[in-house]
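Visitor: Give me a model of this one.
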Amino acid sequence: MANTSGESRVYHGGCHCGGVRYEFTSAPPTRAEVCNCSICTKKAYLHWTIERDTFRLLTPIDQLATYSFNTGVAQHHFCPRCGVASFYIPRSEPDKIDVNLRCVEGIDPSSLEFEYFDGQNWEASFAGDKRSRREK
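Guide: Presented below is the predicted three-dimensional model:
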């Protein structure tokens, strides 16, 4: 979900206790994606997918915990101390980074338009999403 508008700036994000920190450069988001899959629902994740080369992890990767399930492609990184999941490598676009907008400083979620993804039916929803992107 990389819909943006305006001038690029550096954003900072991370977990609750400060053990996980990152920064990235992007124009401000205008939309966030909400997914109803089992993990996103429990984490209350607001998805914003960014290019990997704009993302810089400030915490050594070996200080993060990682959870993976199902196909094992998605790498859900989180803080082993406070448990907050502030970013991950998405199954749908493993060459990008998906940040949780709830964990990015200076973002007001109420100012964003929400798009909904049916993650409970991931395969069919992802195939439909890919088709609609090609048609645009």
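Visitor: number of nearby residues for Asp98?
Guide: Under the neighbour criterion other C-beta atoms under 10 Å, Asp98 is assigned a count of 24. For glycine as for every other residue, the C-beta is placed from the backbone atoms N, C-alpha and C.
Visitor: can you pull the contacts of it?
Guide: 47-50, 87-90 (C-beta atoms under 8 Å, 6 or more residues apart in numbering).
Visitor: quick check, nearest of these to Glu113?
Guide: Ranked by distance to Glu113 (C-beta to C-beta), the contacts of Asp98 are led by Trp48 at 12.0 Å.
Visitor: Verify the stated contact: that closest one with Leu101.
Guide: Yes - the criterion here is C-beta atoms under 8 Å, and Trp48 meets it with Leu101 at 5.0 Å.
Visitor: more neighbours, those two?
Guide: The residue with more neighbours, out of Trp48 and Leu101, is Trp48; 26 against 22, by other C-beta under 10 Å.
Visitor: does the more buried one sit in a helix, a strand or a coil?
Guide: Secondary structure, DSSP: H, G, I helix; E, B strand; the rest coil: Trp48 is strand.
Visitor: Model confidence at it, what's the number?
Guide: Note for Trp48: predicted pLDDT of 95.
Visitor: quick one: the strands in the chain?
Guide: Using DSSP state E, the strands of the chain run over residues 9-14, 21-26, 31-35, 47-51, 55-57, 65-67, 75-78, 87-89, 96-100, 113-117.
Visitor: Between which two of the contacts of Asp98 is the distance greatest?
Guide: Longest span within the contacts of Asp98, C-beta to C-beta: Trp48 and Ile89, 14.0 Å.
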